[in-house]
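Asker: only geometry, no sequence info:
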């Protein structure tokens, strides 16, 4: 009887440890395990981004909504939230243009679209965020990889 209790206790501990380990494991967006899938933003942060967006951008930019934030969110890097910002009423496809953050390209086909980093109430264009040291080269690579491979993490 004592052996059964010990076995049951060990089995429970292994199960609990497995659950804890499984829950804390990060999910990667790419097969090589270099880029983490972005975790969902809190509702409070989404609201703050929306409020600050309204203060920082006026026409010709669209109103940023929670749906847009989640659909165009490329992770948080050094405390800065990476977002694609699209101009209002400009769903016209223009010539595809290649933009860069550091040496990493991403292509947009909506005129005026760009990746911005949001931190401390301000929005900074992606490459300027890199040049100012807000994000690292590794962050730039991750942001552009996620942008260019949405099916891997959406």
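Answerer: Great, that's in hand. What you are looking at is a predicted structure, and each value in this text was computed from that prediction instead of being measured.

Asker: how close does residue 99 sit to residue 32?
Answerer: As defined by C-beta to C-beta, to the nearest Å, residue 99 lies at a distance of 24 Å from residue 32. Backbone N, C-alpha and C define where each C-beta goes, glycine included.

Asker: looking at the two, which has the bigger crowd around it?
Answerer: Residue environment comparison for residue 99 versus residue 32 gives the larger neighbour count to residue 99, 17 against 7, counting by other C-beta atoms under 10 Å.

Asker: return the per-residue confidence for the more buried one.
Answerer: At residue 99 the predicted local distance difference test score is 92.

Asker: ok, it touching residue 108?
Answerer: Yes. Because the distance of 6.3 Å satisfies C-beta atoms under 8 Å, residue 99 is recorded as touching residue 108.

Asker: now list whatever residues contact both of the two.
Answerer: Overlap between the contact sets of residue 99 and residue 108, as judged by C-beta atoms under 8 Å, 6 or more residues apart in numbering, is given by residue 114.

Asker: burial of residue 108, as a residue count?
Answerer: Residue 108 has 18 neighbouring residues, counting by other C-beta under 10 Å.

Asker: residue 51 too?
Answerer: A total of 12 residues lie near residue 51 under the criterion other C-beta under 10 Å.

Asker: dihedrals phi and psi, it?
Answerer: phi -60, psi -50 (degrees, to the nearest 10).

Asker: from residue 57, how far out is it?
Answerer: Counting by C-beta to C-beta, the gap between residue 51 and residue 57 amounts to 12 Å.

Asker: residue 145 now?
Answerer: Between residue 145 and residue 57 the distance, using C-beta to C-beta, works out to 26 Å.

Asker: likewise residue 129?
Answerer: Noted for residue 129: a distance of 16 Å to residue 57, by C-beta to C-beta.

Asker: tell me which of the two has more neighbours.
Answerer: In this comparison of residue 129 against residue 57, neighbours counted by other C-beta under 10 Å, the higher total goes to residue 129 at 27 against 17.
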